[in-house]
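>>> Provide a 3D model corresponding to the input given below.
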Amino acid sequence: MTTGGARYVISSDAAAEVVRIVRRAKCSRIFVVFDKRVEARAMEISERLSTAGDQVVGTHGVTAGEGIKRLSFINRLLQILASAGADKATVIIAIGGGTLTDTVGFAAATYMRGIPWVAVATTVLGMADAAIGGKTGVDLGGRKNLVGAFWPPLASIADLRALATLPPVQRRTGMAEIIKAAVIGDARLLTMCATFDVASTSLAWRALIARSAAVKVRFVARDPNERGERAKLNLGHTVGHALESASGLRMSHGAAVAVGLRAAGLLSIERGLWRPHEHARMLRALRHAALALHAPIASSSAAFAALGSDKKRVAGTSRFVLPTAIGAVLYGIEVPDVDVRRVMLRCSRPPRGDELEA
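Residues are numbered from 1 along each chain as shown. This next block holds a predicted model:
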């Protein structure tokens, strides 16, 4: 698959794919940034590059997570790149989950006004969503992704072998983005999610990840800089980002999106756009993945205040992506604050039986 000129590849041999991509791009120098939790995968890729005759000018390991999505980390990484002699002919290989590819991609976008990079996703969330489409960025003042750039990688590679060591909690939270993609544009995918075992082997994940990625690739290809319908990919993220911010970024992205999906569904039901039985199907798929459908923090003043800095807010009014059917959504829907506050209060408590069984 290709999107915005970038290739998307699902592979059980990410190292071989990286070598091919670097050769095709005719980049003579390579710098590798990786999450320390997948250091073995990073070292294998670095060694394969060196064996192929490419010059690896440096490697840098970090403990990835929201803690690195800061301008202070970007500054440090840019200094490391400069000290290693990275130049316009250098390609950065980012190996890790969504927080790492978001951050390293932004560093690539800003160093020397832009150098090439490759995203090697090692988490479900990264493979299915975060590493695709060239959105890069960091948080600012505890608010999600307020600083960033569109800077597509040469390629995004889903490293299936990395899933073998991925903790169960990260497999579960990654499912939130896959279920989101299903609601946006692939009804068959939601049916698959409703019975999928997150403990499955890496090979079993391939079909799920491929279908989720295909939804995102389709929208990104048509709207690479989010001037229109690419905004549909933000389903669940308006409330989700508010929850992350209100938690001091301690709540995981996937867990927050799961609750955000419920909130969007409730808002859509209130407007007569979304049928309760389809809402129940979505919630059951999330629950099957062992994702929480509520967050006590949703009713806090901090969570509601965080909505005020959401990038999608226009003229003081929140704008939502709302589902209308399994596989279809509307975007740019204005929702009064009083409605948002009511739904967030409801999402601070577990759903009642009728919400799940409609």
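>>> Next, the buried residues of the host helix or strand of V91.
Per DSSP states H and E, V91 falls inside strand 90-96. Neighbour-count burial for strand 90-96, counted by 16 or more other Cβ atoms under 10 Å, picks out T90, V91, I92, I93, A94, I95, G96. Placement of C-beta: from N, CA and C, glycine included.
>>> Direction included, what does that strand pair up with?
strand 29-35 (parallel), strand 117-121 (parallel) (DSSP bridges).
>>> and among those strands, the most buried is which?
strand 117-121 (a mean of 31; mean count of other Cβ atoms under 10 Å).
>>> Please enumerate residues in contact with it?
14, 18, 21-22, 41, 45, 91-98, 101, 104-105, 108, 126-127, 130-131, 151, 153-159 (Cβ atoms under 8 Å, 6 or more residues apart in numbering).
>>> A131 touches S156, doesn't it?
Yes: A131 is within contact range of S156, at 4.5 Å (criterion: Cβ atoms under 8 Å).
>>> Centroid-nearest residue for the chain?
With distances taken as Cα atoms, centre = their mean, the chain has A130 as the residue nearest its mean C-alpha position (2.8 Å).
>>> how about the helices of the stretch 1-150 of the chain, start to end?
In the stretch 1-150 of the chain, the segments counted as helices under DSSP state H, counting those that start in this stretch are 14-25, 39-51, 71-83, 98-110, 124-125.
>>> Now render those helices as CSV, adding distance to I209 and mean pLDDT.
CSV is the format used below for the helices of the stretch 1-150 of the chain (distance: least, Cβ to Cβ, whole Å; pLDDT from 0 to 100):
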stretch, distance to I209, mean pLDDT
helix 14-25, 13, 95
helix 39-51, 17, 96
helix 71-83, 28, 98
helix 98-110, 14, 98
helix 124-125, 7, 98
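>>> As JSON lines, those helices with distance to D223 and mean neighbour count would be great.
Below are the helices of the stretch 1-150 of the chain laid out as JSON lines (distance: least, Cβ to Cβ, whole Å; neighbours: other Cβ atoms under 10 Å):
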{"stretch": "helix 14-25", "distance to D223": "24", "mean neighbour count": "19"}
{"stretch": "helix 39-51", "distance to D223": "32", "mean neighbour count": "17"}
{"stretch": "helix 71-83", "distance to D223": "26", "mean neighbour count": "15"}
{"stretch": "helix 98-110", "distance to D223": "19", "mean neighbour count": "26"}
{"stretch": "helix 124-125", "distance to D223": "22", "mean neighbour count": "27"}
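>>> In JSON lines, list those helices along with distance to V220.
Listed next are those as JSON lines, based on distance: least, Cβ to Cβ, whole Å:
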{"stretch": "helix 14-25", "distance to V220": "18"}
{"stretch": "helix 39-51", "distance to V220": "25"}
{"stretch": "helix 71-83", "distance to V220": "23"}
{"stretch": "helix 98-110", "distance to V220": "14"}
{"stretch": "helix 124-125", "distance to V220": "16"}
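>>> looking at those helices, which is closest to G228?
With respect to G228, and counting by Cβ to Cβ, the nearest of the helices of the stretch 1-150 of the chain is helix 98-110 at 22.1 Å.
>>> I would like the residues contacting that closest one, please.
Contacts of helix 98-110 (Cβ under 8 Å, 6+ apart): 33-35, 62, 64-66, 68-69, 73-74, 77-78, 81, 92, 94, 114-117, 119, 121, 123, 125-126, 129-131, 134-138, 145, 147-149, 151, 153, 253.
>>> Equivalent analysis for stretch 285-296, please.
By Cβ under 8 Å, 6+ apart, stretch 285-296 touches 172-173, 175-176, 179, 182, 190, 193-196, 198, 243, 251, 254-256, 258-259, 261-262, 283, 347-351, 356.
>>> Drop anything exposed from these.
So, by 16+ other Cβ under 10 Å, the buried ones in those are 172-173, 175-176, 179, 182, 190, 193-194, 196, 198, 243, 251, 254-256, 258-259, 261-262, 283, 347, 351.
>>> For I92, which residues are in contact?
30-33, 81, 86, 104, 107-108, 115-118.
>>> Which one, of the strands paired with strand 90-96, ends up nearest to A164?
Between the strands paired with strand 90-96, strand 117-121 lies closest to A164; by Cβ to Cβ that is 14.4 Å.
>>> The residue lying closest to A94 once chain neighbours are set aside and A42: what is the separation?
In this structure, A94 finds its nearest non-sequential neighbour in V104, 3.7 Å apart by Cβ to Cβ, 6 or more residues apart in numbering. Distance, V104 to A42, using Cβ to Cβ, to the nearest Å: 12 Å.
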